[in-house]
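K.L.:
from the sequence below, what's the structure:
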Amino acid sequence: MKAPPADAARRPVTLTTPGPSRLGWLDALRGIAALVVVFDHSSYTFLADFRGELMPQFNTSRYGIMVFFLVSGYIVPASLERRGCVRTFWIGRLFRVYPLWAAVVALLLVARLLGVAEIRDFGTRSVVSVAVAHVTMLQELLGTPSLLLVLWTLSYEMSFYLLVVALFTVRLHQRSAATSVLLAVLAAVSVTVGLTVPPSALSGLLGTGPLVASASVTMAVAIGCASSGSPSLRRLGGVLGGVLALVLVAFNGTVPLWESLVILAVMFLGTAVHRAENGRSGRRHVVVGAVVVVVCAVGSAYGYGGDAPFTRRGWIVAFLLAVLTFGAGLLMRRRRLPRLLTGLGAISYSVYLVHPVLLAVVDGTVGRRRHDDAVLEVAFFVVLLPVCLLTHRYVEEPGRRWGRRLGRPTTVPISDRDD
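P.N.:
Residues are numbered from 1 along each chain as shown. All right, here's what the predicted structure looks like:
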C-alpha cells in the first residue's frame, strides 16, 4: 500500500460529490466572468461612451473578479484538503498559474520591442525589483504596478493561497466560515472608524526595493518550510506565509483596506460553501455567514463611497450581482449546462490573461475608437477566443500535466480541472 504524503493531515478529508458534470457549473461561472471582464477592458477601446454611462451603475470589472474570487475560494482549498499535502498543493498551483503567466508576459515584452504595444511606466524602480515582484505574483502588494492590469487580482489569489496553507498547517482550515465573517466585520469596522491606509504604505516607509527583497525571501522560506516533512517546519512555514499575506494585504495594497478585506472574505465564503455542500459544516452557519459578509461588504462600500457613484453604486450592484450569480450557479450545479459556456470556462484563464495583450497591440497600432463601434467589439471576441483555445491547449494543459506528474497527486481526483 502506498504511504500517505509526509504532511498529510491525521485524518485526510476526501471532498467528493458524485456526478460527471459536478464542476460544470463552476466552469460556466468562469466563462461568464471572463466574458464580462473582457468586455470591461475592451470597452475602453471600442465602446468608450457606452462604458462611461454604464460604469457608475454597474462596475463590470468588479462583477467579473468577484465571481472569479468566489469560484477560487470554492475549489482551491478543496484541492489542498483532498490531497492533504502542502507540497503537492504548491506544485499544482505553480504549474497551473505560472506557465501561461510567463508566456503572456514574454509575449507582451516582445510586442513592446517590436513597437506595437506599450507597457506601464515603472518610474525609478529597478528592473530586478520589478521582475522579482512579478515572479512572486505579489507585485500589486509590493508597491510595483502590474505589467498587465489584470495581474493585480493574482496578487490577492496568491495571498489567499498563503492564508489557506497557513490555516491548514495549524488545523484551522475547517473555520472558513468564521474566517470569512471575521474579515468582513473587520472591513466594516475599518470604514466605521475611518481607518484608512495610504496605498502601498509599507513601500513608502521601507522602500520598494527592500520590501520586494524581504517579502520574496520570506515567501520562499514560507513555502519551502510548509512543504517540508517536518511538522514543526510545516507549521512555521504556514504561519510565516499567512502573516506575510495579511501584512501585505492590510498595509500595502493599492485598493482601499476595506475592499482588500472583503476580497479575502469573499474567497473564504466560497470555501465555506464548499464545505457545507460536502457535509463538512452546517449549512445554517454558512447562510448566516454569507448574510453577514454581504451586509458588511455592501455597508463598507456605501460608507466609503461618499459621493463617488463609481465606487458606491457601481461597486454595490456589481457585488450583489456576483453573489447572486454564484448562488444561481450553485442551484443549477446538478443540471447540464451549455457546452459552449462550460468550454469557455475551461479556457477562462487564457481569456483573462491573453486579452490585455491583444488590446495593447490594438491600442498600439490602430488606436482607440473615437466613437462607439459594436462591430469591432464583437470582432475582438471573434479573434480573441481562438487564440485562447491555442494557449490553453499548448501552454496551460502541458503545465498542468507537468504539475500532476511532479506533484504525484492522490488517487481520488476531484476532476481533471480541480482549480
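
K.L.:
hey, let's count contacts and neighbours off CA atoms from now on
P.N.:
Will do.

K.L.:
now residue 340: which helix or strand?
P.N.:
Here residue 340, judged by DSSP states H and E, is contained in helix 339-346.

K.L.:
please state the offset of that helix from the chain centre?
P.N.:
Taking Cα atoms, centre = their mean, to the nearest Å, the mean C-alpha location of helix 339-346 is offset from the chain mean by 19 Å.

K.L.:
now the next helix or strand after that helix and helix 339-346, what's the angle there?
P.N.:
Next helix or strand after helix 339-346 toward the C-terminus (DSSP H and E): helix 348-365. Put simply, helix 348-365 runs at 80 degrees to helix 339-346, going by axes from the mean of the first three to the mean of the last three Cα atoms, to 10 degrees.

K.L.:
state the mean pLDDT of the helix or strand following helix 348-365.
P.N.:
Next helix or strand after helix 348-365 toward the C-terminus (DSSP H and E): helix 374-391. Helix 374-391 carries an average pLDDT of 96.

K.L.:
what comes up buried for helix 374-391?
P.N.:
For helix 374-391, the neighbour count (16 or more other Cα atoms under 10 Å) marks 377, 380, 381, 384, 385, 387, 388, 389, 391 as buried.

K.L.:
tell me the one among those residues nearest to residue 68.
P.N.:
residue 388 (17.7 Å; Cα to Cα).

K.L.:
helix or strand for the residue nearest in space to the middle of the chain, which one?
P.N.:
Geometric centre of the chain, nearest residue: residue 157, 3.8 Å, by Cα atoms, centre = their mean. Assignment of secondary structure by DSSP H and E places residue 157 within helix 152-169.

K.L.:
give the next helix or strand downstream of that helix.
P.N.:
Later in the chain than helix 152-169, the nearest helix or strand by DSSP H and E is helix 176-192.

K.L.:
what packs against that next one?
P.N.:
With contacts taken as 3 or more Cα pairs under 8 Å, 6 or more residues apart in numbering; DSSP states H and E, helix 176-192 sits against helix 257-277, helix 283-305.

K.L.:
how about CSV for those, with mean neighbour count and distance to residue 220 added?
P.N.:
Below are the helices and strands packed on helix 176-192 laid out as CSV (neighbours: other Cα atoms under 10 Å; distance: least, Cα to Cα, whole Å):
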stretch, mean neighbour count, distance to residue 220
helix 257-277, 25, 22
helix 283-305, 19, 32
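
K.L.:
among the ones you listed, which comes closest to residue 407?
P.N.:
helix 257-277 (22.7 Å).

K.L.:
which one is residue 357 nearest to, not counting chain neighbours?
P.N.:
residue 108 (5.9 Å; Cα to Cα, 6 or more residues apart in numbering).

K.L.:
buried ones in the helix or strand harbouring that neighbour, by neighbour count?
P.N.:
Element membership for residue 108 (DSSP H and E) is helix 86-113. Buried residues in helix 86-113, counted by 16+ other Cα under 10 Å: 86-93, 95-101, 103-105, 108-109, 111-112.

K.L.:
what mean pLDDT does that helix get?
P.N.:
On average, helix 86-113 scores 94.

K.L.:
chain center to that helix: distance?
P.N.:
14 Å.

K.L.:
residues in contact with the helix or strand just after it?
P.N.:
Note on helix 86-113: by DSSP H and E, the next helix or strand toward the C-terminus is helix 127-136. By Cα atoms under 8 Å, 6 or more residues apart in numbering, the residues outside helix 127-136 that reach it are 122, 139, 142, 144, 146, 208, 209, 212, 213, 216, 219.

K.L.:
tell me the one among those nearest to residue 280.
P.N.:
Closest to residue 280 out of these is residue 219 (30.3 Å), distances taken as Cα to Cα.

K.L.:
now do the helix or strand encompassing that closest one: everything it contacts.
P.N.:
Secondary structure from DSSP H and E places residue 219 in helix 208-226. With contact meaning Cα under 8 Å, 6+ apart, helix 208-226 is reached by 86-87, 90, 125-126, 129, 132-133, 136, 142-144, 165, 169, 202-203, 233-241, 244.

K.L.:
buried subset of the residues you listed, written for ChimeraX?
P.N.:
Command for ChimeraX that selects the buried part of these, burial taken from 16+ other Cα under 10 Å:
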select :86,87,90,129,132,133,136,142,143,144,165,169,202,203,233,234,235,236,237,238,239,240,241,244
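
K.L.:
okay, now the nearest residue to residue 365 once chain neighbours are set aside: neighbour count?
P.N.:
The spatially closest residue to residue 365, leaving aside those adjacent along the chain, is residue 116, at 5.8 Å (Cα to Cα, 6+ apart). Residues lying near residue 116 (other Cα atoms under 10 Å) number 16.

K.L.:
and if you look at residue 115?
P.N.:
By other Cα under 10 Å, neighbour count at residue 115 equals 12.

K.L.:
measure it to residue 108 for me?
P.N.:
Note on residue 115: its distance to residue 108, by Cα to Cα, to the nearest Å, is 11 Å.

K.L.:
who's in contact with the residue nearest to the centre of the chain?
P.N.:
By Cα under 8 Å, 6+ apart, the residues touching residue 157 are residue 69.
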